[in-house]
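>>> All I have is the shape, not the residue letters:
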């Protein structure tokens with residue numbers, strides 16, 4: 001945040017600046033998929049075959065419904081309809097609701113949400129896992 005004219009606070013954008021798209025194989029959506037750092041411009045510019053959606057804190061809105069909706073809006077503006085796979089790291093209520101409510105749009109945009117059916121056990125901890133081959 002910087003001081004503007006008349007000592008008024010002016011918020012600086014922390015999102016992705018406009019420009020040509022960048023193509024990647026795998027992208028971890030920053031900041032536990034919190035909407036403070038990720039918006040439609042992120043998905044218009046950062047184009048990936050796979051996006052990892054982390055976050056399991058509903059109080060902090062992680063993952064954010066706004067970020068998931070931004071993926072749909074951003075991907076709709078891509079010139080191609082390449083397949084995109086979303087990889088959630090947790091089974092969250094936000095992710096389940098978004099998946100059910102936007103399933104048709106996901107299909108239209110060639111977006112698949114990967115569900116995990118494997119479990120990794122390490123010492124005293126077990127958690128769902130996915131294997132990704134690039």
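Sure, I can see it. The shown structure was predicted, so the numbers you read here are calculated from the model rather than taken from an experiment.
>>> hey, where'd the helices end up in this structure?
Taking DSSP state H as the test, the helices found in the chain are 30-33, 40-45, 65-75, 93-101, 103-108.
>>> So for residue 21, which of these sits nearest?
Closest approach to residue 21 among those is made by helix 40-45 (5.3 Å; Cβ to Cβ). For the C-beta atoms, the positions are set from N, CA and C on the backbone; glycine is no exception.
>>> now for the closest one, which elements pack on it?
Contacts defined by 3 or more Cβ pairs under 8 Å, 6 or more residues apart in numbering; DSSP states H and E place helix 40-45 against helix 65-75.
>>> packing partners for the helix it packs on?
So helix 65-75, by 3+ Cβ pairs under 8 Å, 6+ apart, packs with helix 40-45, strand 46-53, strand 84-88, helix 93-101, strand 111-113.
>>> Residue 127: which of these is closest?
Per Cβ to Cβ, nearest to residue 127 of these: strand 84-88, 12.3 Å.
>>> comparing the helices of the chain, which gets the lowest mean pLDDT score?
When these are compared by mean pLDDT, helix 30-33 comes last with a mean of 68.
>>> Same list, the helices and strands packed on helix 65-75, but as CSV with mean neighbour count and distance to residue 123 please.
Output for the helices and strands packed on helix 65-75, formatted as CSV (neighbours: other Cβ atoms under 10 Å; distance: least, Cβ to Cβ, whole Å):
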stretch, mean neighbour count, distance to residue 123
helix 40-45, 19, 36
strand 46-53, 20, 23
strand 84-88, 21, 24
helix 93-101, 15, 27
strand 111-113, 17, 29
